[in-house]
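Novice: Return atomic coordinates for the entry below.
(2 chains)
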Number of protein chains: 2
Amino acid sequence: MPRDPRFLILAEGSFNPLRSKTANACIRYSPGRVAAVLDSTQRGKTAQQVLGFGGAIPVVGSMDEGLAHRPNALLIGIAPQGGQFPAEWRPIVRRALDDGLDVWSGLHAMLGDDPEFAAHARASGAAIRDLRRPPADLEIARGRARDVAATIVLTVGTDCNIGKMTAALQLLHGLRARGHRVAFAGTGQTGILVDGKGISVDAVIGDFIAGAAERLVLEAAPDHDVILVEGQGSIIHPSYSGVTYGLMHGAMPHAQVMCTQPTRTAIRNNEWLSIPPLPEFISLHERVVLRPAPVIGVALNTYDLDEPAARAAVARTARDTGLPATDPVRFDPEPLVAAIHEFHLRRAGTAVAR
Amino acid sequence: MPRDPRFLILAEGSFNPLRSKTANACIRYSPGRVAAVLDSTQRGKTAQQVLGFGGAIPVVGSMDEGLAHRPNALLIGIAPQGGQFPAEWRPIVRRALDDGLDVWSGLHAMLGDDPEFAAHARASGAAIRDLRRPPADLEIARGRARDVAATIVLTVGTDCNIGKMTAALQLLHGLRARGHRVAFAGTGQTGILVDGKGISVDAVIGDFIAGAAERLVLEAAPDHDVILVEGQGSIIHPSYSGVTYGLMHGAMPHAQVMCTQPTRTAIRNNEWLSIPPLPEFISLHERVVLRPAPVIGVALNTYDLDEPAARAAVARTARDTGLPATDPVRFDPEPLVAAIHEFHLRRAGTAVAR
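Specialist: Numbering: from 1, shown residues only, chains lettered A, B, ... in the order given. Below is the predicted model:
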């Protein structure tokens, strides 16, 4: 049985609301597991000061300082584009392993396959957990998710790193409070880290992306009424759209929740690619699915707007799309909870009536 | 330098016009490389009798018989769904390696990584060539294909195994005859086998599918006026759409050629999924690209129609879509050659005029 982690989170040079996605999600959804964050450029601050949440979790400037907070695991807290392992972090990982800390990583590069790291881990008895390592026995998808009785809801988005995982996680509590048995299906390293299980669909070989999504849905189906599937990327993302589509066509959602950031008008790192107006993008999303899957709500990410501007953006989005809208982190997630609740009841009612 | 192959093609139990895709393409486009085909269920026939092309290439019933035709390589001539290696073929591959034959494979399972096969290859000095093994240094796509001056044409299709590679290969000769420097960009094991280079995009990890397509286009760009990119799967295929989209968004075509089979009304092995009417499907294809890329012609696969029915299907398709149409294998590929030629001239003219 793996031990319960108490993390020192490595986010050197990158701990901020935008870039350290894995670190931030871990701090938001399991702050009790976080001993400290390592980023010498933010040393001396608290997570609260850097992120606006996370309370007194300290930011430290070195491994020595970090080890003083008695972590039992090092978590690689950022996910660089392309997922490769920055060479300047090798000494940090070696040091952690030598001190007996487990190392948790969501990078594409499998740290457990690195001969040097593997040797250090063996010597100290520490474990290396590669969150993105896909199961060895994946199959191709065959549309089996269409036979699932549970209501499958997929969070989708206009771009990467815009709130698809966060939106799903923020809705769990409200849906459970309404009495639904709700599963979260994690599809990226961060969602897997938070939920403790899942498959990182972007690390799967192309032909098996949809099969991985199908498996996640089939595994969650028997014990749940609603399955919230964490979306990935965007159907218009020039680097990652293959993963987005494979996930969508394998999961076969009954409904979609659109995630967007009002201030983002082009795909990040690809400024040549404008994001279409939201109603047009929603209509495209409803056309490219393999069975009807209406977009039933919009989750906004307004972290970079002041409160009046954020409220105005929510109101404008609701008006432009005719859909329930909210920032489920900053404001009450209830409009989206209600949308899924009502969609599920209507679907279940229809299923019974047939 | 690897030796020029003279293949014994393994297609046991599957040698026919539909199932042995890799074998058939090899026989069609490089018959001089084929010594014999191994399929005990078709023993004694010629390729011509089984496929309708391929001349006197014999079909043999055993390894002993096959070796009598003096091959220097065994080609795994079918691509089973999921790409796994059928266990009953292990003795055949061992025998081939022991006899000094190289083994060429396009399966997902990397035969070169199989300890038993690797040992047999080492012992006899034979080589194992895994056509699907992706380059180790792939990067994510960044829309770089949009800066390419050459005209990029992608073959797309309503389903898998419907003629996307074949259509591209059938157009090469006609375009070259018109004086264009034309590249074929192979994206699957068969295309790579025929062309001698390429990347099997369906064997690439999800995040790098588009990057692989982008690299193929960038590598072909400097020396060519027209790049014909071999499409994969279908944007509505429940198993493989992720590969299809990643390839399309990474290659960033200027134009698309639609491949279809008139008698196929649903996705194969997924009969629950109807293929939409062609004009509707074409309009969807023109909507999901990341820059304008009109569908400029239709390639029909009419192998299962008699000649009058095939001609009627071509005429009906041209009328329904308003586009040039032909079966580029059975009839003259000229309508599609002309469509690409004219599109390229118009594009080049526009580029000069700007």
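
Novice: Counting neighbours, which bits of the helix or strand hosting residue A:308 end up buried?
Specialist: Assigned by DSSP states H and E, residue A:308 falls within helix A:307-321. The neighbour-count check on helix A:307-321 (16 or more other CB atoms under 10 Å in any protein chain shown) flags A:310, A:313, A:314, A:317, A:318, A:321 as buried. Bear in mind the C-beta positions are built from the backbone N, C-alpha and C, glycine included.

Novice: contact partners of that helix?
Specialist: Residues from elsewhere that reach helix A:307-321 (CB atoms under 8 Å, 6 or more residues apart in numbering or on different chains): A:258, A:260, A:262, A:277-279, A:282, A:295, A:298, A:300, A:302, A:305, A:323-327, A:330-331.

Novice: roughly how far out does it sit from the chain middle?
Specialist: Offset of helix A:307-321 from its chain centre (CA atoms, centre = their mean, to the nearest Å): 24 Å.

Novice: Tell me which residues are up against the next helix or strand after that helix.
Specialist: With elements assigned by DSSP H and E, the helix or strand that comes after helix A:307-321 is strand A:325-326. With contact meaning CB under 8 Å, 6+ apart, strand A:325-326 is reached by A:297-300, A:314-315, A:317-318, A:332-336.

Novice: Kindly indicate which of the residues you listed lies nearest residue B:246.
Specialist: residue A:299 (25.4 Å; CB to CB).

Novice: Stretch A:256-270 close to chain B?
Specialist: Yes - judged by CB under 8 Å from any CB of the partner chain, stretch A:256-270 and chain B are in contact via A:269, A:270.

Novice: Same list (the contacts of strand A:325-326) but as a markdown table, adding pLDDT and distance to residue A:147.
Specialist: Output for the contacts of strand A:325-326, formatted as a markdown table (pLDDT from 0 to 100; distance: CB to CB, whole Å):
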| residue | pLDDT | distance to residue A:147 |
| --- | --- | --- |
| A:297 | 98 | 25 |
| A:298 | 98 | 29 |
| A:299 | 98 | 28 |
| A:300 | 98 | 34 |
| A:314 | 98 | 37 |
| A:315 | 98 | 40 |
| A:317 | 98 | 34 |
| A:318 | 98 | 34 |
| A:332 | 97 | 35 |
| A:333 | 98 | 30 |
| A:334 | 98 | 31 |
| A:335 | 98 | 30 |
| A:336 | 98 | 26 |
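
Novice: Make CSV from those and add distance to residue A:287 to it.
Specialist: Output for these, formatted as CSV (distance: CB to CB, whole Å):
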residue, distance to residue A:287
A:297, 18
A:298, 18
A:299, 21
A:300, 23
A:314, 26
A:315, 27
A:317, 20
A:318, 22
A:332, 31
A:333, 27
A:334, 29
A:335, 25
A:336, 22
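
Novice: Got the domain ranges for chain A?
Specialist: A:7-130, A:144-353 (automatic domain parsing).

Novice: List the buried residues in whichever helix or strand residue A:271 is part of.
Specialist: Applying DSSP H and E as the criterion places residue A:271 in strand A:270-274. Applying a neighbour-count criterion of 16+ other CB under 10 Å, one finds A:270, A:273 buried in strand A:270-274.

Novice: Just the CA trace of the next helix or strand after it, in PDB.
Specialist: Under the assignment DSSP H and E, the closest C-terminal helix or strand after strand A:270-274 is helix A:278-287. Presented in PDB, the C-alpha positions along helix A:278-287 are these (Å, rounded to 0.1, in the frame of the first residue of the first chain):
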ATOM      1  CA  LEU A 278     -18.700  31.500 -28.000                       C
ATOM      2  CA  PRO A 279     -22.100  30.800 -29.600                       C
ATOM      3  CA  GLU A 280     -20.300  29.800 -32.800                       C
ATOM      4  CA  PHE A 281     -17.800  27.600 -31.000                       C
ATOM      5  CA  ILE A 282     -20.600  25.900 -29.000                       C
ATOM      6  CA  SER A 283     -22.500  25.200 -32.200                       C
ATOM      7  CA  LEU A 284     -19.300  23.600 -33.700                       C
ATOM      8  CA  HIS A 285     -19.000  21.500 -30.500                       C
ATOM      9  CA  GLU A 286     -22.500  20.200 -30.800                       C
ATOM     10  CA  ARG A 287     -21.900  19.300 -34.400                       C
END
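
Novice: From chain B, how far off is the residue positioned nearest the centre of chain A?
Specialist: Nearest to the mean C-alpha position of chain A, by CA atoms, centre = their mean, lies residue A:165 at 3.4 Å. Distance, residue A:165 to chain B, by CB to the nearest CB, to the nearest Å: 16 Å.

Novice: Centre of the chain to the host helix or strand of that residue, how far?
Specialist: For residue A:165, the host element (DSSP H and E) is helix A:164-177. How far helix A:164-177 lies from its chain's middle: 12 Å, per CA atoms, centre = their mean.

Novice: right, and residue A:166 touches residue A:329 too?
Specialist: Yes - counting by CB atoms under 8 Å, residue A:166 touches residue A:329, with 6.1 Å between them.
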